[in-house]
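S.K.: predicted model follows, preceded by the sequence.
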Amino acid sequence: MPNQNALKIPENLLEQCFAQGLADYPNETCGVLSGPKADAGTVDACHPLTNVLVELHELDPEQHPRSPTEGYLIDPHEQLKLDRELRKSGRTMRIIYHSHPDVGAYFSQQDIEDALWDAHPRYPGIQYLVVGVKPNQRDGAILAVFNDETRKFDTHPVC
């Protein structure tokens, strides 16, 4: 897959990601941004998803040591259902997003590890949006895009 340009995220979608991050604060939030399959450069819909670490960490903190304030895990059933719905309607996932409460917007080492499988992108072609949130305020946003030449993620400021 050739190197991708960072996608342009419309302000209304970015605002939805921030609003979800602020609503779920102090926990991390997560979701997907999608666009029409026929237009690779378009992102035009936001799909909030459930961070199941909220429940898993509470039920079994030994098995799931990361708390939802410092990590996220997209509900796999919701993600599969969304993927099926998008495919049926000629759409596709373009960006996976999540929030970073109180630490700013950056692509952490854990984010990198979660985005890779055996040093390859877990979801080829998917970009990653991280929105920083603090109590009642936005704290920046970055987009991480996998670079096939360097085999690393390049980060681009969004705001």
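M.R.: Cool, the structure landed.

S.K.: tell me where this structure has strands.
M.R.: Assigned by DSSP state E, the chain shows strands spanning 30-36, 45-49, 91-101, 116-117, 120-121, 127-134, 137-147, 152-157.

S.K.: elements contacting the second one?
M.R.: It stands for strand 45-49. helix 11-24, strand 30-36, helix 76-88 (3 or more C-beta pairs under 8 Å, 6 or more residues apart in numbering; DSSP states H and E). Using the backbone N, CA and C atoms, a C-beta is placed for each residue, glycine as well.

S.K.: okay, these, which one's buried deepest?
M.R.: Highest mean neighbour count of the helices and strands packed on strand 45-49: strand 30-36, a mean of 23 (counted as mean count of other C-beta atoms under 10 Å).

S.K.: mind giving me the packing neighbours of that strand?
M.R.: Partner elements for strand 30-36 (3+ C-beta pairs under 8 Å, 6+ apart): helix 11-24, strand 45-49, helix 76-88, strand 91-101.

S.K.: so, low pLDDT: which residues of the chain?
M.R.: Segments of the chain classed as low confidence (criterion: pLDDT under 70) are 1-3.

S.K.: related to what we said a few turns ago, would TSV of the strands of the chain with distance to residue 13 be doable?
M.R.: Rendered in TSV, the data for the strands of the chain read as follows (distance: least, C-beta to C-beta, whole Å):
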stretch	distance to residue 13
strand 30-36	6
strand 45-49	5
strand 91-101	9
strand 116-117	25
strand 120-121	22
strand 127-134	9
strand 137-147	11
strand 152-157	16
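
S.K.: in CSV, list the helices and strands packed on strand 30-36 along with distance to residue 154.
M.R.: Below are these laid out as CSV (distance: least, C-beta to C-beta, whole Å):
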stretch, distance to residue 154
helix 11-24, 19
strand 45-49, 23
helix 76-88, 25
strand 91-101, 14
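
S.K.: show me the one of these that comes nearest residue 119.
M.R.: Closest to residue 119 of those, according to C-beta to C-beta: strand 91-101, at 18.5 Å.

S.K.: quick one, the closest one and strand 30-36 angle?
M.R.: Counting by axes from the mean of the first three to the mean of the last three C-alpha atoms, to 10 degrees, strand 91-101 lies at 150 degrees to strand 30-36.

S.K.: give me the residue at the spatial middle of the protein.
M.R.: The centroid of the chain falls nearest to residue 97 when counting by C-alpha atoms, centre = their mean (1.9 Å).
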